[in-house]
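Peer 1: quick one: sequence plus predicted model below, questions after.
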Amino acid sequence: MGDSLEMLGSEASMATETGIKSDFCLEIDPPLRETVATAEDWRRALDKVVPAVVVLRTTACRAFDTESASASYATGFIVDKRRGIILTNRHVVKPGPVVAEATFVNREEIPIYPVYRDPVHDFGFFSYDPSAVQFLSYEEIPLAPEAASVGLEIRVVGNDSGEKVSILAGTIARLDRDAPHYKKDGYNDFNTFYMQAASGTKGGSSGSPVIDWQGRAVALNAGSKTSSASAFFLPLQRVVRALSFLQKSIDLCTDKPKAVHIPRGTLQMTFVHKGFDEIRRLGLRTGTEQVVRHASPPGETGMLVVDSVVSASVPRGPADKQLESGDVLVRVNGTVLTQFLNLENLIDDGVGQIVELEIERGGQPLTVNVSVQDLHSITPDHFLEVSGAIIHPLSYQQARNFRFPCGLAYVADPGYMLFRAGVPRHAIIKKVANEDISCLADLVSVLSKLSRGARVPLEYMSHTDRHRKKSVLVTIDRHEWYAPPQLYTRNDSTGLWDGKPAIELAAVSPPIGINGLPISQNIPLCHHDTDPMHEFRGVTDTAATMGASTGDGYQNDFGSEAKKQRVEDDSSDGTVANASLYGSELKSDDAMETDNTVLRDYEGATAFSANASLAERAIEPALVMFEVNIKNFLKFGCRKPALQRGDSVYLVGLSRNLQATSRKSIVTNPCAALNIGSADSPRYRATNMEVIELDTDFGSSFSGALTDEQGRIRAIWGSFSTQIKYSSTTSEDHQFVRGIPVYAISQVLEKIITGGNGPALLINGIKRPMPLVRILEVELYPTLLSKARSFGLSDEWVQILVKKDPVRRQVLRVKGCLAGSKAENLLEQGDMVLAVDKMPVTCYNDIEAACLTLDKGTHSDENLNLTILRQGREMELVVGTDKRDGNGTTRVINWCGCVVQDPHPAVRSLGFLPEEGHGVYVTRWCHGSPANRYGLYALQWIVEVNGKKTPDLNAFADATKELEHGQFVRIRTVHLNGKPRVLTLKQDLHYWPTWELRFDPETALWRRNILQALK
């Protein structure tokens, strides 16, 4: 994985200005020096340099500031052997949490720790223990910034394009290139010149030394231009200064590591260097130009001009309201300054002091006094992690990019909770629960007052639309999937970020019920004083919320509660309805537009109710209060005959903006078989199901129910997802809606109501035994009888099947068996299922009815007697059935950033489980985790840990409990394609503790247990 910044250096927008400046620079640069070095000189230099160059493997454990959570490789080199200091780029050291290792040329690997990353310039330092390098003789590379000159022949030694040792030749062409611009919303260097050479470096070479023939580093490789072979080098003057402070700090530490303080000052403004010709057009007076030219070194071609100032209301930047874009800097404290380096020397040495700036603005001389601010004070060193979101004070880097004040609550990663609400990355949070948020502490204070499940408004701003605030509804999610909110603070002594609880548990308010009152866990729940949606909410939420799906792929969990409140509260003033809605309104860019939309939806619902037909009025309560009417739904919907082709139906539901809608249509196919293929990554797909098709394509804009003329529910109008593959490498998700007949769910619902024979589950305070559903774990598909003749189906069986079902005129064929099922080794792909227990079968419902008969029987037989046709030969088979409780996954373990569990049915449906053990399936992984760093990705099973078999999660948990922090682990895996693999992984318990989630049927809640973590 290459370094991302080195591939982002697109500078097309700067081509005109840069090109013009390049032409003039070629005429005024000093003459090229003659190269006197021989091939033997370069060989001796490289022999000395190469052992001191290391390959850096870094893992950004969390998104922070300009960087995303990721794993990458880069280059560094030893600048102090005795003290153990490695120099590389800032974007390699990372501004946030990072775990890194350095590998020497002899393949020795040692852990390294960040000790400094410059807030502005692209350099930073790692430290290591010199005694850890046991088998390599090497020397440090001296820094010689003064040796850089135009025409100097150089070599870039590093890890270019993944090569362990790559040596690229070049010649320095420029010393005064503008700092490269990488991204509008990412890291960019400024207030410095860069060098340029045609060396053609690529990903992985970040942090490489740029050396001369004497083996001295004259610059630091930082980036490249993707459209050409140009490479950009950072001058080393500021690096030498920082290294000097670092060395002195280390020498003063005799007993234990100590945080390094390197003074850095700022005026919170950006300068650019412009030529005298352009500055004259800005109004520079001739007399001033003569003074500057006379006081500057020979060959000076321009002056520093203010490009931007970080402006703010509170807090104000030092130069805010005093300096403006276009101001020409003439003197600082009475001294003429035209170079970045001299200006930075003065500012860095004057932190906390007042500097006098003499400028010209449109030809008018001005003098302003500006206080030098500590740059580290506006560089974030802590962040909040809540429900997967990373929020921290806005850095100087991003404040400059976005033109916002430093210190605001900045979303580095929205995580689950904010992403689900539509809050993007790089957002600035302004209000939560109607309280102003000016800093991270304000946000923590507000969150500490909110209970789990509370829905509150959140107001934010985005740099892409900075002039308008946006408002969304956020559900405060403290699900056990995520740890409680943590506040991490950088510890410069250890190089780690130490975490602590951000919110005390005692400070969190109790959960809020739908009546607005706190819920007491000691009060028993009953039918009349609890949520009116009763015990059937978990069964019907999916159908009720399909129409409120948001564009980001998540569905809201408010579902029918939001819809019910909008229609029932006729006396509401609109506030409650606004707080209850979640759908396309939340994507509105304007808060006023959101309120208007809610009002229109509310009025539309009232008008619809007043003018509804008998069928529409009868069915609307069942849609709006779906869970309340489940018993009525069973009573008047399930017992009626199935719909027939040509029947008239009403599609009644709620649109994406929660507006009640009714459409009349005709049934064209009451028994269309679903055929959803497997996706690239295994996920749920409906199988062995018949659906209802209508003559009108209503799209997927709303969902609800199909009713007949009398208002009886005949089907649920539900959505399905499939993946359309355009080629072997490209695919696209597609959503469509069909009717799900009520008989498909009636049997399960009846068992839930009457009480099943499975494990009990707590539903809204009442324990109910759940049903065990007997199924034949085989995926089937229908084939027309006319086509089945070609596969050997006899005329006799054709007549029998036609007589059984003259409408469908089909036979079921085996598409595949679920791995691990009782039918796996008995049925084969292509088998035609003709009869079950001598009774002909033509549809999926026949198979389900046969399985249901086994449960109703008095004997304990769990087998079906199938009559099949295999390759033209009729056969009788006894095939076992399986029982499933419908709970799905009830336990997952997160280890080293990968989530493992028992393989879910979508995986088993692919027909493969490894023989070595199949109970530890990697279902997902996290960016910035050891799993990401070492390639333990999804779609594979972990079958061994350090030689110990892991057939199930219990064995896996036992094997991983014995591992130490920082220990390398040998893992044997088997991929979904059957390919075995052995890899090693370094456990990191500091940022990635081992934990598990278990579903507790006694409380109907998921419980998070920490299995292993640093104490």
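Peer 2: Yep, that arrived.
Peer 1: from the rest of the structure, what touches stretch 783-802?
Peer 2: Residues from elsewhere that reach stretch 783-802, judged by Cβ atoms under 8 Å, 6 or more residues apart in numbering: 809-813, 830, 832, 834, 840, 842, 869, 871-873. In short, each C-beta sits where N, CA and C put it, glycine included.
Peer 1: hmm, I was thinking of stretch 343-357
Peer 2: 191-192, 238, 241, 263-267, 271, 304, 323, 329, 331-334, 337, 367-375.
Peer 1: now with 7 Å?
Peer 2: Outside stretch 343-357, the residues that touch it by Cβ atoms under 7 Å, 6 or more residues apart in numbering are 191, 238, 263-267, 304, 329, 332-333, 337, 367-372, 374.
Peer 1: C-alpha coordinates for stretch 803-819, PDB please?
Peer 2: What follows is stretch 803-819, C-alpha atoms only, in PDB (Å, rounded to 0.1, in the frame of the first residue of the first chain):
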ATOM      1  CA  LYS A 803     -52.300 -31.600 -12.500                       C
ATOM      2  CA  LYS A 804     -50.800 -30.600  -9.200                       C
ATOM      3  CA  ASP A 805     -50.300 -27.000 -10.200                       C
ATOM      4  CA  PRO A 806     -51.700 -26.000 -13.600                       C
ATOM      5  CA  VAL A 807     -50.700 -22.300 -13.000                       C
ATOM      6  CA  ARG A 808     -47.000 -22.600 -12.300                       C
ATOM      7  CA  ARG A 809     -46.300 -25.600 -14.600                       C
ATOM      8  CA  GLN A 810     -42.800 -25.900 -13.100                       C
ATOM      9  CA  VAL A 811     -40.500 -28.200 -11.300                       C
ATOM     10  CA  LEU A 812     -38.000 -27.300  -8.600                       C
ATOM     11  CA  ARG A 813     -34.300 -27.900  -9.100                       C
ATOM     12  CA  VAL A 814     -31.400 -27.800  -6.700                       C
ATOM     13  CA  LYS A 815     -29.100 -24.800  -7.000                       C
ATOM     14  CA  GLY A 816     -27.000 -25.800  -4.100                       C
ATOM     15  CA  CYS A 817     -27.000 -27.000  -0.500                       C
ATOM     16  CA  LEU A 818     -25.900 -24.900   2.500                       C
ATOM     17  CA  ALA A 819     -22.500 -26.100   3.800                       C
END
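Peer 1: buried ones in the helix or strand hosting residue 803?
Peer 2: Applying DSSP states H and E as the criterion places residue 803 in helix 795-804. For helix 795-804, the neighbour count (16 or more other Cβ atoms under 10 Å) marks 797-798, 801-802, 804 as buried.
Peer 1: cool, stretch 643-651 as well?
Peer 2: Those would be 643, 647, 649-651, for stretch 643-651 by 16+ other Cβ under 10 Å.
Peer 1: and the closest residue to residue 264 other than its chain neighbours, how many residues sit next to it?
Peer 2: Of all residues not flanking residue 264 in the chain, residue 375 sits nearest, at 3.9 Å (Cβ to Cβ, 6 or more residues apart in numbering). Residues near residue 375, counting by other Cβ atoms under 10 Å, number 21.
Peer 1: quick one: contacts for residue 375?
Peer 2: Counted by Cβ under 7 Å, 6+ apart, residue 375 has contacts 119, 264-266, 396.
Peer 1: now with 10 Å?
Peer 2: Shown in contact with residue 375 (Cβ atoms under 10 Å, 6 or more residues apart in numbering): 118-120, 262-268, 347-348, 351, 396.
Peer 1: picking that back up, among the contacts of stretch 343-357, which ones are buried?
Peer 2: For the contacts of stretch 343-357, buried by 16+ other Cβ under 10 Å: 191, 238, 263-267, 304, 329, 332, 337, 370, 372.
Peer 1: among the residues you listed, which are in strands?
Peer 2: 265-266, 304, 329, 332, 370 (DSSP state E).
Peer 1: which one of these is nearest to residue 955?
Peer 2: Proximity of these to residue 955, judged by Cβ to Cβ, is greatest for residue 266, which lies at 55.5 Å.
Peer 1: who does the closest one form a beta bridge with?
Peer 2: Using DSSP bridges, the bridge partners assigned to residue 266 are residue 373.
Peer 1: and residue 839, by the same measure?
Peer 2: Going by DSSP bridges, residue 839 forms beta bridges with residue 836.
Peer 1: which residue ranges of the stretch 51-200 of the chain form strands?
Peer 2: Ranges of strands within the stretch 51-200 of the chain are 53-60, 70-80, 85-88, 98-103, 109-117, 124-127, 153-158, 166-178, 193-197, based on DSSP state E, counting those that start in this stretch.
Peer 1: okay if I get the buried residues of helix 795-804 as JSON lines plus distance to residue 361 and pLDDT?
Peer 2: What follows is the buried residues of helix 795-804, written out as JSON lines (distance: Cβ to Cβ, whole Å; pLDDT from 0 to 100):
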{"residue": "797", "distance to residue 361": "95", "pLDDT": "95"}
{"residue": "798", "distance to residue 361": "94", "pLDDT": "95"}
{"residue": "801", "distance to residue 361": "91", "pLDDT": "95"}
{"residue": "802", "distance to residue 361": "93", "pLDDT": "95"}
{"residue": "804", "distance to residue 361": "92", "pLDDT": "94"}
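Peer 1: on that earlier part again, out of the buried residues of stretch 643-651, which is nearest to residue 741?
Peer 2: residue 643 (7.2 Å).
Peer 1: thought residue 672 was touching that closest one, still the case?
Peer 2: No - if you go by Cβ atoms under 10 Å, residue 643 and residue 672 don't touch, sitting 11.7 Å apart.
Peer 1: which residues do those two both contact?
Peer 2: 692, 739.
Peer 1: where in the stretch 401-550 of the chain is pLDDT low?
Peer 2: Applying pLDDT under 70 to the stretch 401-550 of the chain picks out residues 505-550.
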